[in-house]
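Undergrad: I would like the atomic coordinates for the input below:
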Amino acid sequence: MSSETPNDVSYSTDTDTEQTIIADGGLYTVEHDGTEYAVCHMVAYDDDADLDVDYSGEEPVVTNHDEVQKHDEVRLLKVDGLRDHGGQHMAISPSSSLWREEFADLEPGDTIRLDDEEPMADGGGLTWTDLTGFKRDCLEAIRRLDNEGETTYGLAIKRELERQYGEEILHGRLYPNLDDLVDADLVEKSELDKRTNSYDLTAEGKAMLEQRARLLADACGMEQRVADGGDSA
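TA: Numbers count the residues shown, from 1 in each chain. From the prediction side, this is the model:
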């Protein structure tokens, strides 16, 4: 069971059609038998993970997400299903540092599981453009909460993102992305209590955000406020 894969996205097992790269809506997609697929990176639960699932809401929620074993994997997902469930943030392309040559040979129904010893990427050399839009928004949300003196735990980050997006952010979308940022050494996760974790930017995460802020300020012809909150020079 994947923590980010929409439950009703189906997979074709037809592997006789040659992949054709087509551009659609900003996604890097391939075509199999007339159907568009995106190459997607996601966090999935291990097969033997003991999941506690709460079915009381509109969407099932894994309540022990932080405690169970997970792994990174890459597979093809139908583009229509991604759009319907807001899953475009999972799509990767050959221009990303996450890309591997073997991903180009994926067929519908195939899954490439990435070994824990060989993560997709770490903080070294990772740039702002390597991150998905949602991961960038997570970094910014953590920084805003920190600047306001608020505790940067999961639900606070969720509320901040919901304020920005104007829609509900599901747990199954938020926490796997936060875990990816932890694995990339951009965010540090620590335990507040037995049920709650906090997520704080590492030095690498802060440096990435500050570099992005400088570039945007320069592009807009604006003076950038210094990091400690003082007046600009």
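Undergrad: all contacts plus neighbour counts: C-alpha atoms, from now on.
TA: OK.
Undergrad: average pLDDT for the longest strand along the chain?
TA: In the chain, assigned by DSSP state E, the strand with the most residues is strand 35-45. The pLDDT scores in strand 35-45 average 83.
Undergrad: Over to stretch 51-58?
TA: 86.
Undergrad: and if you look at stretch 203-218?
TA: Stretch 203-218 shows a mean pLDDT of 89.
Undergrad: Buried residues, that stretch. List them.
TA: For stretch 203-218, a neighbour-count test (16 or more other Cα atoms under 10 Å) marks 204-206, 208-209 as buried.
Undergrad: Tabulate those (JSON lines), appending distance to Lys135.
TA: Converted to JSON lines, the buried residues of stretch 203-218 look like this (distance: Cα to Cα, whole Å):
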{"residue": "Glu204", "distance to Lys135": "14"}
{"residue": "Gly205", "distance to Lys135": "11"}
{"residue": "Lys206", "distance to Lys135": "14"}
{"residue": "Met208", "distance to Lys135": "12"}
{"residue": "Leu209", "distance to Lys135": "12"}
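Undergrad: Using CSV, lay out the residues you listed together with secondary structure and distance to Asn147.
TA: Below are those laid out as CSV (DSSP: H, G, I helix; E, B strand; the rest coil; distance: Cα to Cα, whole Å):
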residue, secondary structure, distance to Asn147
Glu204, helix, 17
Gly205, helix, 14
Lys206, helix, 12
Met208, helix, 16
Leu209, helix, 13
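Undergrad: for these, which one is nearest Gly109?
TA: Gly205 (34.9 Å; Cα to Cα).
Undergrad: ok so, going back, may I see the buried residues of the longest strand of the chain?
TA: In terms of neighbour count (16+ other Cα under 10 Å), strand 35-45 has its buried residues at 36-45.
Undergrad: Does that strand pack against any helices or strands, and if so which?
TA: The helices and strands touching strand 35-45, judged by 3 or more Cα pairs under 8 Å, 6 or more residues apart in numbering; DSSP states H and E, are strand 27-32, strand 70-78, helix 79-84.
Undergrad: Let me know which of these is the nearest to Thr63.
TA: Of all those, strand 70-78 comes closest under Cα to Cα, at 14.1 Å.
Undergrad: now the angle from the closest one to strand 27-32?
TA: Calculated by axes from the mean of the first three to the mean of the last three Cα atoms, to 10 degrees, strand 70-78 forms an angle of 70 degrees with strand 27-32.
Undergrad: could you give me the average pLDDT of strand 70-78?
TA: Across strand 70-78, the average pLDDT comes to 83.
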